[in-house]
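A.B. asks: how would this look folded up:
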Amino acid sequence: MEFNLFTAIVLPIALGIIMLGMGLSLVPEDFLLVTKNPKAIAIGLISQLVILPIIGFAIASIVPMQSEIAVGLVILSICPGGPSSNLITYLAKGDIALSVSLTALSSIITVFTIPIFANLALKRFLGESAAIELPVVQTMVQIFLITLLPCGLGMWIKQKFPNIARRLERVTNKLAIVFLLAIILVLIVREWQRLPNFITQVGIGVVLLNIISSFTGFWLSQLFQLKISQQICIAIEVGIQNGTLAIAITAGLLKNPDMAVPAAVYSLLMYVTAAIAIFYGRKFAATEVMKVRT
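C.D. replies: Below is the predicted model of the structure:
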């Protein structure tokens, strides 16, 4: 199966399945809590859409790496948090309604910011000035179809058919992971000969991007005295990027598999960092519950 078939069909299916699973865990009342605290939304969006790209550009400029790899790292940093961050937030006892809201808003906003930052990265690291054209209306429709619509469908199923929702929730995330691993496997097979060199170059950059962005999101949330569940959520939203979207842009839109390597490596690495985030998130959440009880 051709790689572009994966980016055009399998990627959207994987994203849609994850968002369906998130919707199965939500009720409309969850979002009322978010509207009462717009400060959390503002901090999350600024951290993700402004500070994170700056971190990405800085790492790509400082850490020695091939130009295509640097562009791929920056494109990874300008992608929204993605449905995977919703799943991790859910497991880490973070604010899942805030997480889904940030994912939805950032996905819409990045329709406009991704072409700008991607062009800057191309010009900075490759000396290219050709514009990357993302059809705005078409892209917004695609985002709606693979994120908001499945999430809304999951919420509707949960309200109308709660028993079915409980069964579906157990399988949706497993299916999505299978799809994502298949995409990464295809990329690895295509780039097998050059992969060791790529991993050596991108490994440090990817780790730094993940760690610095996560701590930045958590620190800003603490600075503005958000709830612990919101701190967990924002740290994950800023630290866990939508690797599947980054692969779709680099390997699909730009037709450059080399640029997709950072996202592929990141998509594997994030399971390690996700496990750490879940462990500490649950620990922080439990500590907060004990404080409330005492």
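A.B. asks: low-confidence ranges in the stretch 151-294 of the chain?
C.D. replies: Filtered on pLDDT under 70, the stretch 151-294 of the chain yields the residue ranges 173, 176-177, 179-184, 186-188, 190-195, 197-198, 252, 285-294.
A.B. asks: 90 instead?
C.D. replies: Low-confidence segments of the stretch 151-294 of the chain, defined by pLDDT under 90: 151-207, 210-211, 213-214, 222, 225-233, 235-294.
A.B. asks: Output the contacting helices and strands for the strand or helix carrying residue 153.
C.D. replies: With the criterion set as DSSP states H and E, the secondary-structure element containing residue 153 is helix 149-160. With contacts defined as 3 or more Cβ pairs under 8 Å, 6 or more residues apart in numbering; DSSP states H and E, helix 149-160 has these neighbours: helix 11-23, helix 162-190. Heads up, the C-betas are built off the backbone N, CA and C, glycines and all.
A.B. asks: now that helix: how far from the chain's centre is it?
C.D. replies: Centroid displacement of helix 149-160 relative to its chain, using Cα atoms, centre = their mean, to the nearest Å, is 21 Å.
A.B. asks: got the buried residues for that helix?
C.D. replies: Buried positions in helix 149-160, judged by neighbour count with 16 or more other Cβ atoms under 10 Å: 149, 150, 151, 152, 154, 155, 157, 158.
A.B. asks: give me the number of residues near the nearest residue in space to the fifth one that is not next to it in sequence?
C.D. replies: By that I understand residue 154. Nearest residue to residue 154, sequence neighbours excluded (Cβ to Cβ, 6 or more residues apart in numbering): residue 23, at 2.2 Å. Residue 23 has 27 neighbours, counted by other Cβ atoms under 10 Å.
A.B. asks: next one: residue 250
C.D. replies: Should you count by other Cβ under 10 Å, residue 250 turns out to have 26 residues around it.
A.B. asks: One more: residue 110?
C.D. replies: Other residues close to residue 110 by other Cβ under 10 Å number 24.
A.B. asks: Tell me the buried residues in the helix or strand harbouring residue 214?
C.D. replies: Element membership for residue 214, per DSSP H and E: helix 195-223. Of the residues in helix 195-223, those with enough neighbours to count as buried (16+ other Cβ under 10 Å) are 195, 198-199, 201-202, 205-210, 212-214, 216-218, 220-221.
A.B. asks: ok and the next helix or strand after it relative to helix 195-223, angle-wise?
C.D. replies: Read in the C-terminal direction, the helix or strand following helix 195-223 is helix 228-239, with elements assigned using DSSP H and E. Here helix 228-239 runs at 150 degrees with respect to helix 195-223, directions being taken by axes from the mean of the first three to the mean of the last three Cα atoms, to 10 degrees.
A.B. asks: what's the neighbour count on the closest residue to residue 201 other than its chain neighbours?
C.D. replies: The spatially closest residue to residue 201, leaving aside those adjacent along the chain, is residue 65, at 4.2 Å (Cβ to Cβ, 6+ apart). Using other Cβ under 10 Å, residue 65 is surrounded by 23 other residues.
A.B. asks: Which of the three states applies to residue 65?
C.D. replies: Put simply, residue 65 is coil when judged by DSSP: H, G, I helix; E, B strand; the rest coil.
A.B. asks: Identify the residue nearest residue 224 in space, chain neighbours excluded?
C.D. replies: In space, and not counting its chain neighbours, residue 224 is closest to residue 43: 5.6 Å by Cβ to Cβ, 6+ apart.
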